[in-house]
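>>> need a 3D model of the following:
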Amino acid sequence: MAGQDWFEKDFYSVLGVPQNASAADIKKAYRKLARLHHPDANPGDKGADKRFKEVGEAYAVLSDAEQRQQYDAIRAMSRGGARFTAGGGGGPSAGNGAGFEDLLGNLFGGGMPGGGGMPGAGQQRVRYTTGGNAGAGTGAGGRSGAESPIFEDMLNGLFPPGSAGAGGYRSPRGPMRGGDLNATATLTFRQAMEGAQLNLRVDDPQAGLRTITARIPAGVRAGQKVRLRGKGKMSDVGGEPGDLWVTVSVEPHPIFTLDGADVRVTVPVTFPEAVFGTEVEVPTPDGARVKMKVPAGTPSGRTLRARGRGVKTAKRTGDLLVTLQVAVPQRVDGKAREALKTFAENTAGENPRADLFSRLDDNRPN
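Numbers count the residues shown, from 1 in each chain. The predicted model follows:
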């Protein structure tokens, strides 16, 4: 930022330091005010947020030696009423020590053209032009406005586009943003599924331990990193604050697991249920139950889907994925045992692994 705003803003007053303050004093004042007005310390306070930005803007200028020099020169002009003169030996400004040449002296030094104040005896006076028709407005030792861009180059660094003498203004690169911080958070299964608002204690090398309110979105998975913009370190030079990266771990649930926006559960069925088909009740993550039909001849490992019973995110609502597992009894006695023997005798000619070996033979190289 440069130009007209600098005439109107007193950055020294914003930071509460005198104009001759050292760089260390300016930095100390900035850090104190930045902590005081930081958005994390004043949630919902628009006045504090505005003050925080003003402090950052002031520090961005005063912490940069070159920008501070230009700012001081412009502020001196606004107080002293400096005049922009066309020059010329013995002109009206020849006896006046305050003028446009003072500004050039402050910016470029006495050895530069126009620097060091008013010319004295033996000095050659130079006219700075703002462009125009070729050959117009030349002075002793000067060149035409079409050939000499000195005046425009200087004003490009001082005034915004549209101001008098500003041709092709380019904004300086913004101040460097603050560094990132890292934190960890452990969520319950329900918090990971529904999202949660947590108060995290974060060790900030600049501000010490900070309590940061973090909103964790629904559907996060273990090991995922969640980015919280603007919750990191403050910039030392008035830039935007860094980000906070939160690495999430999720406590395991006794029966459910997360798979993106879907929730998985394994449900056991008996051998007769798998053979003849049935209807089973399945628990859902919200504590309800749904009835699902198991088709006849369902093999172990088949997955059924209960739509809309998973995680609700901004993008989609997931499903409940139900994997069926045929339960094998550890002991079979009495009539059940005799019935199984009869079943085994009647199906002795069937080999459920035959297709497995045939597929393996088909893929062997010749």
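
>>> show me the contacts for residue 294.
By Cβ atoms under 8 Å, 6 or more residues apart in numbering, the contact set of residue 294 is 269, 273-274, 277-280, 304, 324. (Each C-beta comes from the backbone N, C-alpha and C, glycine too.)

>>> any stretches of the stretch 101-250 of the chain with poor pLDDT?
For the stretch 101-250 of the chain, residues meeting the criterion pLDDT under 70 lie at 101-174, 237.

>>> for residue 345, helix, strand, or coil?
helix (DSSP: H, G, I helix; E, B strand; the rest coil).

>>> that one and residue 337, how far apart?
13 Å (Cβ to Cβ, to the nearest Å).

>>> between the two, who's got more neighbours?
residue 337 (11 against 8; other Cβ atoms under 10 Å).

>>> that one: which element?
According to DSSP states H and E, residue 337 maps onto helix 334-346.

>>> looking at that helix now, give me its mean pLDDT.
Helix 334-346 shows a mean pLDDT of 88 in the predicted model.

>>> let's number from 743 now, not from 1
Got it, first residue is 743 now, which makes that one helix 1076-1088.

>>> list the contacts of it.
With Cβ under 8 Å, 6+ apart, helix 1076-1088 has contacts from residue 1074.

>>> next secondary structure element downstream of that helix?
Following helix 1076-1088 toward the C-terminus (DSSP H and E): helix 1096-1104.

>>> report the distance from the helix holding residue 1079 to the chain centre.
Put simply, helix 1076-1088 sits 67 Å off its chain's centre (Cα atoms, centre = their mean, to the nearest Å).

>>> and stretch 1022-1037, which residues are buried?
1022, 1024, 1026-1027, 1034, 1036 (16 or more other Cβ atoms under 10 Å).

>>> helix, strand, or coil at residue 795?
helix.

>>> what distance do you get for it to residue 789?
In terms of Cβ to Cβ, residue 795 sits 11 Å off from residue 789.

>>> tell me the one of the buried residues of stretch 1022-1037 nearest residue 1006?
residue 1027 (10.4 Å; Cβ to Cβ).

>>> residue contacts, that closest one?
Neighbour list for residue 1027: 931-932, 935, 998, 1005, 1051-1052, 1062 [criterion: Cβ under 8 Å, 6+ apart].

>>> which non-adjacent residue is nearest the spatially most central residue of the chain?
Nearest residue to the geometric centre of the chain (Cα atoms, centre = their mean): residue 971, 4.0 Å. Setting aside the residues directly before and after it, residue 971 is nearest to residue 985 in space (Cβ to Cβ, 6 or more residues apart in numbering), at 5.3 Å.

>>> go on, residue 767?
Per Cβ to Cβ, 6+ apart, closest to residue 767 is residue 759, 5.6 Å.

>>> just checking, the one you found touches residue 771?
Yes - with contacts counted by Cβ atoms under 8 Å, residue 759 reaches residue 771, the gap being 5.1 Å.

>>> which residues belonging to stretch 968-981 are considered buried?
Buried, per 16+ other Cβ under 10 Å, within stretch 968-981: 968, 970, 973-981.

>>> could you dump those into TSV and include distance to residue 818 and secondary structure?
Below are those laid out as TSV (distance: Cβ to Cβ, whole Å; DSSP: H, G, I helix; E, B strand; the rest coil):
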residue	distance to residue 818	secondary structure
968	49	strand
970	43	strand
973	40	coil
974	38	coil
975	35	coil
976	31	coil
977	28	coil
978	27	coil
979	24	coil
980	23	coil
981	27	coil
